[in-house]
Every structure is written in structure tokens, then in C-alpha cells.
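Trainee: need a structure here:
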Amino acid sequence: MRNPEQPETYPRRVLLVACGLTPQIVTETLYALAVAREPRFVPTEVHLVTTREGAQRARLSLLSEEPGWFHRFCRDYNLHGIRLDEKAIHVLEGVDGEPLSDIRTVEENARTADIITELVRQLTQDDDAALHVSIAGGRKTMGFYLGYALSLFGRPQDRLSHVLVSPPFESHPEFFYPTPRSRVIYTGPPDVRPLDAAEAQVTLAEIPFVRLRHGLPKDLLEGRATFLEVVQAAQRAVGPPELKIALRQRRASFGGIELSLPPAELAFLSWFAR
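Mentor: Alright, predicted model coming up:
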């Protein structure tokens, strides 16, 4: 039996990243996990959840021939077997099925919540997998829903984190990770000056979270459900128990679940309740 205190020992190790307009967050998180951290957590696969423009930037910056920062990172640190391709870039979609360019309306927020909830549910189904979720990139809405979804579906081996990058490298468009050899980049105007990417500091801040998975019904763990449905199920599991009996209607409800009962069973339940 695997030790959930050692997620790095699981055969399938998944990194899920909220990614906005700064694809650097992917390689920064990979550096923090697979290079700087002890023990190292080297993902076997990387997934991104992002908007339409975020997906385009990720493809061009990370997966292209040039600059191809993901492939360059793996070569620089001699990391093999990490899968990141276009199929692993999950683009948020509106109710019409079109990719979202941003998350602004109530409907787009609800749709984002449902997509992220389903993605996290799927990635936590495999008992031989450990999931690491980074909320460092993208809209605050995306980070919130990712963290909340992991709280709903997360298992003991799953983790949540944020990466911190030392200034002035943070959000620098030419910085993607601390390089093993000197690499000079320049700050923007008006104070243009050279920086060495090898001197940057990237720190992983792990975030504790409450795991509510044990209280969810089996059908929600195994089948598609909306964010609201899963939250309501979790609330029923952790909330105070409540039993309602409507004698005239011959109905009873417990935790929001309603039942129609024959008279004898309803009377028996009422007697116990009293």
C-alpha cells in the first residue's frame, strides 16, 4: 500500500496548473517541484486549465520549436518522461461551447466552476495517481475554484501550492525558470539593467486544505456533476443532521433527500423521532 505522505512515490504524478496570460508559471512550478524541492516531485504529466488566449500563449511559449521553454527546461535539468502536449491544455468554454477569452459574467463564472470541478474529479479517480494543484496563475476565480474543487475531491496524497518568484524576476516576460547556467535578461524601461536568470529564487508554498471527499455520495465521485451540486452534497455531509417529517403528505426528508413512505414505516419513523 502506498504512503500518501509520499506523493512522489506514486507511479502516476499529475501537475495541474491554473494558467492565465503568463505561461511562465508552468515552468516555474515545475522547477520548484522537480528541481528545488526535496524530496523531488517529478510529474509524469502536466495539465493546464486556461482561457483561449492563455492556451495560445502556452502553445507558442512552452511547446513550440522556438523558444519551446518547456522542452528547454527538461533538457536543462535532464528530466525525462514528463508529458505536456496540446491535449493537456484544457480551455474553458462558455455555455455555447465556444472557448472563453476571459471570465467576466455570472454565466462564465458558473461554467468555469463546473469545468474545473469535473477536471479535478477525473484526475482524482485513479488510486495510483497523486495530484498536485498549483493556483499561482490565471484569474483569481480560477485559483479559487481549483482550490475548492481539490478540497471537495482531494485525497491524502494530493497537494495544493503556490509559487513565489523573487523580484525583479516575478512576471518578467523573459524569465521562465532559474537556469543552471548564466543567462542574461534585461529589466524594462526606464531603469533598463541586466539580470542573471540563474540567480532567481523560486519558492514553493504548500497550502493546507480541508478534505471533504469522504462525505460525498458515490454517484458524485464517479459521475459528472455541477460545482453547485457537489458543494451542496458536501454541505449536507458536514452540516448538522436534520430530519423533517410531513405526516399528512406521508413524506420525510433527511439531509435534503426526500422519501415517500408507506403509513406503517412513516409511523415507525415518527415514533423513533419523538
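
Trainee: only C-alpha atoms for contact and neighbour calcs from this point on.
Mentor: Noted.

Trainee: Strands along the protein, start to end?
Mentor: With DSSP state E as the criterion, the chain has strands at 12-18, 45-50, 89-91, 129-134, 159-165, 184-186, 194-196, 202-206, 243-246, 251-254, 257-260.

Trainee: what's in contact with the fifth one?
Mentor: Taking Cα atoms under 8 Å, 6 or more residues apart in numbering as the criterion, the residues outside strand 159-165 that touch it are 25, 28-29, 32, 131-136, 147, 150, 170, 200-209.

Trainee: May I see the buried residues of it?
Mentor: Using 16 or more other Cα atoms under 10 Å as the test for burial, strand 159-165 gives Arg159, Leu160, Ser161, His162, Val163, Leu164, Val165.

Trainee: Can you give me the distance of the first one to Glu8?
Mentor: Arg159 sits 11 Å away from Glu8 when distances are taken as Cα to Cα, to the nearest Å.

Trainee: With the third one instead?
Mentor: Plainly put, Ser161 is 15 Å away from Glu8 if you go by Cα to Cα.

Trainee: Same check on the second one?
Mentor: Distance of Leu160 to Glu8, computed by Cα to Cα: 14 Å.

Trainee: now the fourth one
Mentor: The gap separating His162 from Glu8 is 18 Å, by Cα to Cα.

Trainee: picking that back up, which members of the buried residues of strand 159-165 are the farthest-apart pair?
Mentor: Spanning the widest gap among those are Arg159 and Val165, at 19.6 Å by Cα to Cα.

Trainee: Specify the beta-bridge partners of Glu206.
Mentor: Ser161 (DSSP bridges).

Trainee: and it, how many neighbours?
Mentor: When neighbours are counted by other Cα atoms under 10 Å, Glu206 registers 14.

Trainee: okay, how far is it across stretch 19-27, tip to tip?
Mentor: One end of stretch 19-27 sits 11 Å from the other (Cα to Cα).

Trainee: now swap in stretch 228-247 and tell me
Mentor: End-to-end distance of stretch 228-247 (Cα to Cα): 30 Å.

Trainee: ditto for stretch 211-229
Mentor: OK, stretch 211-229 end separation, Cα to Cα: 17 Å.

Trainee: what comes up buried for that stretch?
Mentor: Buried-residue list, stretch 211-229, by 16+ other Cα under 10 Å: Arg211, Leu212, Arg213, Leu216, Leu220, Leu221, Arg224, Ala225, Thr226, Phe227.

Trainee: Farthest-apart pair in these, please.
Mentor: Largest separation among the buried residues of stretch 211-229 by Cα to Cα: Arg211 and Arg224, giving 19.3 Å.

Trainee: how close does Pro168 sit to Ile185?
Mentor: 11 Å.

Trainee: Is it possible to mark the buried ones in the contacts of strand 159-165?
Mentor: 25, 28-29, 32, 131-136, 147, 150, 170, 200-204.

Trainee: pull the longest helix from this structure.
Mentor: For the chain, the helix that runs over the most residues, judged by DSSP state H, is helix 106-123.

Trainee: Please convert the strands of the chain to CSV, extending it with mean pLDDT and distance to Arg37.
Mentor: Formatted as CSV, the strands of the chain follow (pLDDT from 0 to 100; distance: least, Cα to Cα, whole Å):
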stretch, mean pLDDT, distance to Arg37
strand 12-18, 97, 14
strand 45-50, 98, 17
strand 89-91, 97, 25
strand 129-134, 98, 13
strand 159-165, 97, 12
strand 184-186, 96, 25
strand 194-196, 96, 21
strand 202-206, 96, 8
strand 243-246, 88, 49
strand 251-254, 86, 47
strand 257-260, 84, 46
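
Trainee: can you tell me which of those comes nearest to Gly143?
Mentor: The closest of the strands of the chain to Gly143 is strand 12-18. By Cα to Cα, the value is 6.4 Å.

Trainee: Just the terminal-to-terminal distance for stretch 149-159.
Mentor: Terminal-residue distance, stretch 149-159 (Cα to Cα): 12 Å.

Trainee: what distance separates that stretch from the middle of the whole chain?
Mentor: 9 Å (Cα atoms, centre = their mean, to the nearest Å).
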